[in-house]
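A.B. asks: please find the sequence and the predicted model below.
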Amino acid sequence: MRLIHLICDSDGNSQFGEDVELELIPQAFAPPAPDLEVSAPVAASQMEVLRFPAGWVGPAHPSPTRQMMAFMVGELEVTAGGKSRRIVAGDIVLLEDNESAGHETTALVDTIAIAVKL
C-alpha cells in the first residue's frame, strides 16, 4: 500500500516526497477470523473526522502536526512545491510539512477524511 507523502524541504517549502510504501503482512488480527493483511502499529495521540465542503479552499498552510489522513469519500486537489495532486477516496496521505510554508488545498466535491495525529 502506498502513502502520498507531503514533506518540508531544506528551504522550508512543502513538497511531495516519494510515496511511502506501507508493508502489510498477513497475520491473525481478530481470531478466530481468517488472517488479514496488517501494517506495523504506529503510535497515535488523537483522531478527528474532517469534512471539507465542496469549494472549500485552504490557502498555503502547514499541516498543524505530523499526521496521517485517510480519505473516505470525495476528492481534493493539493498543491505543494508547484505540483498538484488529486487526492481521492481510498488515498492515505502522510503529512510531515508542519514546519514549512505550507500546501494549498481545494475541495473539488464534499470530502470526508479521518485525521490521525502521530
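C.D. replies: Yep, it's here.

A.B. asks: check contacts around the most centrally placed residue in the chain.
C.D. replies: Against the mean C-alpha coordinate of the chain, by CA atoms, centre = their mean, the closest residue is Val93 at 2.0 Å. Contacts were defined as CB atoms under 8 Å, 6 or more residues apart in numbering; by that measure Val93 touches 3-6, 68-69, 71, 78, 87. (Each C-beta comes from the backbone N, C-alpha and C, glycine too.)

A.B. asks: same check, this time on Ala89
C.D. replies: Going by CB under 8 Å, 6+ apart, Ala89 touches 71-75.

A.B. asks: phi, psi for it please.
C.D. replies: Main-chain torsions, Ala89, degrees, to the nearest 10: phi -50, psi 130.

A.B. asks: rewinding a little: can you list the contacts of Val93 in TSV and add distance to Ala113?
C.D. replies: Shown next, in TSV, are the contacts of Val93 (distance: CB to CB, whole Å):
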residue	distance to Ala113
Leu3	14
Ile4	12
His5	16
Leu6	14
Met68	10
Met69	5
Phe71	5
Val78	12
Ile87	9
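
A.B. asks: ok, so of the residues you listed, who is nearest Glu99?
C.D. replies: Set against Glu99, the nearest of those by CB to CB is Leu6 (11.8 Å).

A.B. asks: residues near the closest one, how many?
C.D. replies: 25 (other CB atoms under 10 Å).

A.B. asks: mind checking which helix or strand it is in?
C.D. replies: Taking DSSP states H and E as the criterion, Leu6 maps to strand 2-8.

A.B. asks: thinking again about what came up before, ok, and the most crowded of the contacts of Val93?
C.D. replies: Leu6 (25 neighbours).

A.B. asks: any idea what Met69 is bridged to?
C.D. replies: Val93, Ala115 (DSSP bridges).

A.B. asks: many thanks, we can stop here.
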